[in-house]
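[1] What follows is a protein structure lacking sequence information:
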Ligand code: TYD
Ligand code: MG
């Protein structure tokens, strides 16, 4: 047995240290270090080499000195994509599942990771591919039950294989025999559900520990690259971040998908946070139904549904998630604080950003928010990362403070700078098009430098351009007399 050593891992970001630290240098969180006993490194295949990628890739650099190679002489890797259905998921993967790639699917327990992958697996076997579902979480009978719910028929879907093995070395032996080779005869998709249940005999710690997760993930990733068979790794993320295993794998996989629910309802979103074979930020919106996950039509207005009428404290913006535009309602509540320290409660937007925008409102638009509690949330449990929502957040705050509503058919778009200047959002046309399609009649947005205020029309919407937050707030809260609703 190899010599044992002790390591410390940050439970929230996976940062490794030789001694315990109060604060993690990686993510700056406090009290997140956990002690793990590890066996000294044992070498495994490919440990010193790197994979050239693509099908039939070979490991180069093993033994001997590695020489620099002119980039022009490096063959470019072909990315062969397996089709994926539903198209929502294909888009998040960058247009299909790249052969030999490793995809990490993270999410809270019960969100529907196994359901999503079983659904994809059923579709692949119907296309003639083979799927090996490594079952660590559930018994084969439970997986069969789920598959039946999703429409599994034993005659048509013979390619669906269950492998109830959690011991990494024997699992790899089976995979090498069964799906090894060069994948030329048609790919086998391997689904490891979940990475937390696998354990290797080379590592002296319990399944689900950071070292086990890293090691098992690394061996499976290496297998995918050598064999050309795509591998899915399922990783549980818990709210407290206690078993933040999947984070440890992010750097060694090609694609990281996070699967999340929204507001406790049936809506599920798959988000690509890293993708070597596509753009990140793509979002697939689906609904969990009795028959499995179904893509949502009208996903573009999902975060608008349930608007009751003109109320103060609400503004709508059009945000981009990858290539898609979503109309999102930002809600704000500003009220006089009853306690010494005013509260700032934010959901769905970065709270530092809200604090910054509130400060700009005070400084540049002369609004007194100092003694106020501020609550901001995105309707429908959505989340906004797009800076183009800045102005909408500010207008929602101003609207609540002044008790004056923004008309229902108004769209507010713009990134706000520290001096209160408003900047144009990227890809304006597609945002206006989506809003126009859903009955929005007016957009308040940035005026480009030097141009005159105008009331142009575009995509069926009246464009009202502004240069400052003050101007935007005045326009948005203007009593227009119209109480026009959306279609
Ligand atoms: P599951 O895929 O087991 O979640 P995870 O693998 O992320 O832990 O799905 C969990 C929930 O999904 C479970 O509460 C039941 C529900 N569900 C449906 O509503 N419809 C379905 O068709 C299936 C298979 C599951
Ligand atoms: Mg599961």
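    That came in fine, so what should we check first? Since the structure is predicted, the reported quantities are computational estimates derived from the model, not experimental observations. Numbering: from 1, shown residues only. Ligands and ions are numbered 1, 2, ... in the order given.

[2] where does the lengthiest strand in the chain sit relative to the chain's centre, distance-wise?
    For the chain, the longest strand by residue count, based on DSSP state E, is strand 324-336. Offset of strand 324-336 from its chain centre (C-alpha atoms, centre = their mean, to the nearest Å): 20 Å.

[3] Pull out the buried residues from that strand.
    324-334 (16 or more other C-beta atoms under 10 Å). From N, CA and C alone the C-beta is placed, and that goes for glycine too.

[4] What strands line up against the helix or strand following that strand, and which way round?
    The helix or strand immediately downstream of strand 324-336 is strand 344-347, counting by DSSP states H and E. Paired neighbours of strand 344-347 in the sheet (DSSP bridges): strand 372-378 (parallel).

[5] mind listing the strands for the stretch 101-250 of the chain?
    102-107, 130-135, 160-163, 188-193, 231-236 (DSSP state E, counting those that start in this stretch).

[6] As JSON lines, those with mean pLDDT would be great.
    Shown next, in JSON lines, are those (pLDDT from 0 to 100):
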{"stretch": "strand 102-107", "mean pLDDT": "94"}
{"stretch": "strand 130-135", "mean pLDDT": "95"}
{"stretch": "strand 160-163", "mean pLDDT": "94"}
{"stretch": "strand 188-193", "mean pLDDT": "95"}
{"stretch": "strand 231-236", "mean pLDDT": "94"}
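
[7] Which one of those lies nearest to ligand 1?
    When the strands of the stretch 101-250 of the chain are compared by C-beta to the nearest ligand atom, strand 102-107 sits nearest ligand 1, at 5.5 Å.

[8] Who are the packing partners of that closest one?
    helix 113-126, helix 210-227, strand 231-236, helix 245-249, strand 255-261 (3 or more C-beta pairs under 8 Å, 6 or more residues apart in numbering; DSSP states H and E).

[9] Can you list the strands that that strand pairs with?
    Determined by DSSP bridges, the sheet partners of strand 102-107 are strand 231-236 (parallel), strand 255-261 (parallel).

[10] Please report phi then psi for the most centrally placed residue in the chain.
    When C-alpha atoms, centre = their mean is applied to the chain, the residue found nearest the centroid is residue 271 (2.9 Å). Note on residue 271: its backbone torsions stand at phi -120, psi 130 [degrees, to the nearest 10].

[11] Just to check, residue 373 is in contact with residue 337?
    Yes. Using C-beta atoms under 8 Å, residue 373 makes contact with residue 337 at a distance of 4.7 Å.

[12] Comparing the two, which residue is more hemmed in?
    Between residue 373 and residue 337, counting by other C-beta atoms under 10 Å, residue 373 is the more crowded of the two (17 against 14).

[13] Relative to ligand 1, how far out is the more buried one?
    To ligand 1, residue 373 is 36 Å away according to C-beta to the nearest ligand atom, to the nearest Å.

[14] And the furthest pair within the buried residues of strand 324-336?
    324 and 334 (31.0 Å; C-beta to C-beta).

[15] Skip the chain neighbours and tell me the closest residue to whichever residue of the stretch 251-400 of the chain sits closest to ligand 1.
    Proximity of the stretch 251-400 of the chain to ligand 1 (C-beta to the nearest ligand atom) peaks at residue 292, 4.1 Å away. Distance criterion C-beta to C-beta, 6 or more residues apart in numbering; nearest residue to residue 292, sequence neighbours excluded, is residue 150 at 4.5 Å.

[16] Is that neighbour in contact with residue 291, as I believe?
    Yes. When contacts are counted by C-beta under 8 Å, residue 150 is listed as touching residue 291 (7.0 Å).

[17] contacting residues around residue 261?
    108, 111, 267-269, 381 (C-beta atoms under 8 Å, 6 or more residues apart in numbering).

[18] List the beta-bridge partners for it.
    Residues in beta-bridge contact with residue 261 (DSSP bridges): residue 268.

[19] For residue 133, the count of nearby residues, please.
    Residue 133 is flanked by 23 other residues according to other C-beta under 10 Å.

[20] dump the residue contacts of the nearest residue in space to residue 410 that is not next to it in sequence.
    Using C-beta to C-beta, 6+ apart and skipping the chain neighbours, the partner closest in space to residue 410 is residue 442 (4.9 Å). Residues near residue 442 by C-beta under 8 Å, 6+ apart: 407, 409-411, 461-464.

[21] Looking at those, which is nearest residue 389?
    Closest approach between the contacts of residue 442 and residue 389, by C-beta to C-beta: residue 411, at 11.2 Å.

[22] Which of the three states applies to the closest one?
    Assigned state for residue 411: strand (three-state reduction, DSSP: H, G, I helix; E, B strand; the rest coil).

[23] i'd like the first residue to be 47 from this point on
    All set: I'll call the first residue 47, so the last point we hit is now residue 457.

[24] And stretch 385-400, how far out from the chain middle?
    23 Å.

[25] averaged over its residues, what pLDDT does it have?
    The average pLDDT for stretch 385-400 rounds to 90.

[26] one step back: neighbours of the residue nearest to residue 338, how many?
    Residue 196: 16 surrounding residues under other C-beta under 10 Å.

[27] Residue 269 too?
    Residue 269 has 23 neighbouring residues, counting by other C-beta under 10 Å.

[28] which residue packs closest to residue 320, ignoring adjacent ones?
    Nearest to residue 320 is residue 302, by C-beta to C-beta, 6+ apart, at 4.1 Å.

[29] Nearest residue to residue 366 in space, please, no chain neighbours.
    residue 432 (5.6 Å).

[30] Tell me the spacing between that neighbour and residue 376.
    As for residue 432, its distance to residue 376 is 11 Å (criterion: C-beta to C-beta, to the nearest Å).

[31] Return the per-residue confidence for the residue nearest to residue 366.
    Looking at residue 432, its pLDDT reads 92.
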